[in-house]
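Undergrad: Here's a sequence, model it:
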Amino acid sequence: MDAIVGPAFGPFIWIFSINSLVGGPYFGFLTIFSGAVFLAIFISLPETRRKIIGNGSVPPHSWNMSLLSYLQLRRQRKAGIEAQQTSKIGFKARPNPLKSIYLVLQKECSFVIFYAGTLFGGSYVVLSSMPSEFGHEYSFNALPIGLCNILTGLASMLSSLINGKFLNRNFRRHEELRGMEIVDKRQ
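TA: The predicted structure is shown next:
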């Protein structure tokens, strides 16, 4: 879902900024917008790396927590609820971006990556060619073209949410058929 939101909503936001900011302070708008996104990530995005938090039951160090996670942990400590010991991260747990090459070399992953790459490549071709084609063919200005991109983004987000609900329901059905216990927030 995240891969299509930027290209779908970006042109509309850009058009809005062009129409509202006279004189062209576009970099100021981009700075303010990227600062707001950074703050949202800093406040709410939790740590997910398994070597740091295990299965989610081990809180990371305070320097590696989101602000909301830190405040929740502090509130638990004040209430007398003792959290598990924080994780011990060493130099061996540093990220290695070259390990992703091994995923491409696996047969199952390479099929999924090829399929997703083809799908997103096609959608980016359509989104990037739409402004010039609609402007030339229908004499549209920037606003209707930006609205067309929004419909693509909304459809992508809606299909992602519906597909997630469908996959969850299908997973629960298979768990029940095998007699497995259904426990939320656990792999």
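
Undergrad: so where do the helices sit in the protein?
TA: 2-20, 26-44, 50-53, 67-78, 100-105, 107-138, 142-178 (DSSP state H).

Undergrad: Now the fourth one: buried residues?
TA: Of the residues in helix 67-78, those with enough neighbours to count as buried (16 or more other Cβ atoms under 10 Å) are Ser69, Tyr70, Leu73. To be clear about C-beta, it is placed using only N, CA and C from the backbone, and glycine gets the same treatment.

Undergrad: Show the model's pLDDT score for the second one.
TA: So the one you mean is Tyr70. Per-residue confidence at Tyr70 stands at 82 (pLDDT).

Undergrad: and the closest residue to Leu67 other than its chain neighbours, what does it touch?
TA: For Leu67, ignoring the flanking residues on the chain, the nearest one in space by Cβ to Cβ, 6 or more residues apart in numbering is Ile43 at 4.6 Å. For Ile43, the contacting residues are Ser66, Leu67, Leu68, by Cβ atoms under 8 Å, 6 or more residues apart in numbering.

Undergrad: ok, 10 Å please
TA: Contact analysis of Ile43 by Cβ atoms under 10 Å, 6 or more residues apart in numbering lists Ser66, Leu67, Leu68, Ser69, Tyr70, Leu71.
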